[in-house]
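# Turn this into a structure:
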Amino acid sequence: MAFVIGISAPPGGGKSSLAQALAKRLGNATTIHFDAYEQITSSPMHDISDWMRRGADFNEFDIQKLSEDLKRIKSGQSITESNETFEILPPHYVLFETLFGREHEASGRFIDRLIWIDVPLDLALARKLLDFTDPEPDEGVGQNADSTLMWLRGYLGHYVQATRGLLMMQKERIALTADLTLNGTLDLTTLVEQATRDILDHLG
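Below is the predicted model:
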């Protein structure tokens with residue numbers, strides 16, 4: 001049986017960096033990305049605002065394939081992550097990057113250990129913007145300076161309207177159920193050391 005380690009943080013909080021580094025450090029490990037399954041972040045802003053006004057219940061989001069894949073890989077079966085064609089063989093550890101932690105019950109029930117990376121929202125936002133404005137980004141946000149500037153204005157407008165409130169809510173809810181809270185202002189090497197010790201102590 002595989003152990004599922006959830007890693008949650010705001011965008012720019014270092015989920016991907018920690019998951020990838022932990023997978024290498026632990027060995028016999030793989031990563032699963034919530035972003036590969038969800039379509040929430042592509043929803044119109046008024047839909048997200050309405051959802052927040054209704055109480056922001058994470059369980060409104062039906063991400064059936066994610067829950068099915070977590071169940072399969074935890075029980076020792078291989079999976080194919082959404083939008084991918086390669087097969088993921090069952091490892092000993094699954095590093096699961098998730099926005100919602102255990103608050104999304106359908107996927108959260110498979111988490112054996114939940115790590116919350118606590119990072120100030122201004123620092124997380126600055127890191128995200130640095131990624132987006134990288135001269136050679138992994139995912140482009142525009143073909144030239146004008147289109148990039150327009151994209152950034154839209155991103156920051158959404159951040160002011162709803163995203164910041166959502167991230168504050170994320171921290172309030174998910175941090176309370178985390179098994180380990182890491183200081184996201186520390187360097188990656190230190191975070192990996194702390195997380196590795198915790199995982200080995202509690203999961204073996």
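
# Touching, residue 78 and residue 91? I think so.
No. Using CB atoms under 8 Å, residue 78 is not in contact with residue 91, being 10.1 Å away. C-beta: built from backbone N, CA, C; applies to glycine.

# Neighbour count for these two, which is higher?
When neighbours are counted by other CB atoms under 10 Å, residue 78 and residue 91 differ, and residue 91 comes out ahead with 18 against 11.

# Is the more buried one in a helix, a strand, or coil?
Three-state call for residue 91 (DSSP: H, G, I helix; E, B strand; the rest coil): coil.

# what residues are up against it?
Residue 91 is in contact with 2, 28-30, 73, counting by CB atoms under 8 Å, 6 or more residues apart in numbering.

# what about residue 173, distance to residue 60?
Distance of residue 173 to residue 60, given as CB to CB, to the nearest Å: 14 Å.

# Count residues in the vicinity of residue 172, would you?
Using other CB under 10 Å: residue 172 sits among 9 other residues.

# And it, which helix or strand is it part of?
Using DSSP states H and E, residue 172 sits within helix 164-177.

# before we move on, the earlier item: out of the contacts of residue 91, which are inside strands?
Of the contacts of residue 91, the ones assigned to strands by DSSP state E are 29-30.

# Taking the contacts of residue 91 together, which two end up most distant?
Across those, the longest distance by CB to CB is 12.8 Å; it joins 28 and 73.

# quick one: residue 117 is in a strand?
Yes. Residue 117 sits within a strand when classified using three-state DSSP.

# roughly how far apart are it and residue 14?
5 Å.

# Now for the closest residue to residue 203 other than its chain neighbours, how many residues are close by?
Nearest residue to residue 203, sequence neighbours excluded (CB to CB, 6 or more residues apart in numbering): residue 3, at 4.6 Å. Here the number of neighbours of residue 3 (other CB under 10 Å) works out to 20.

# Can you list the buried residues in the helix or strand of the chain with the lowest mean pLDDT?
For the chain, the helix or strand with the lowest mean confidence is helix 45-53, at a mean of 75 (criterion: mean pLDDT, DSSP states H and E). By 16 or more other CB atoms under 10 Å, the buried positions in helix 45-53 come out as 48, 51.

# Show me the contact partners of it.
40, 57, 60, 158, 161-162, 165-166, 169.

# now swap in stretch 188-201 and tell me
Counting by CB under 8 Å, 6+ apart, 3, 5, 14, 17-18, 21-22, 25-26, 93, 113, 115, 117, 179-180, 182-184 sit against stretch 188-201.
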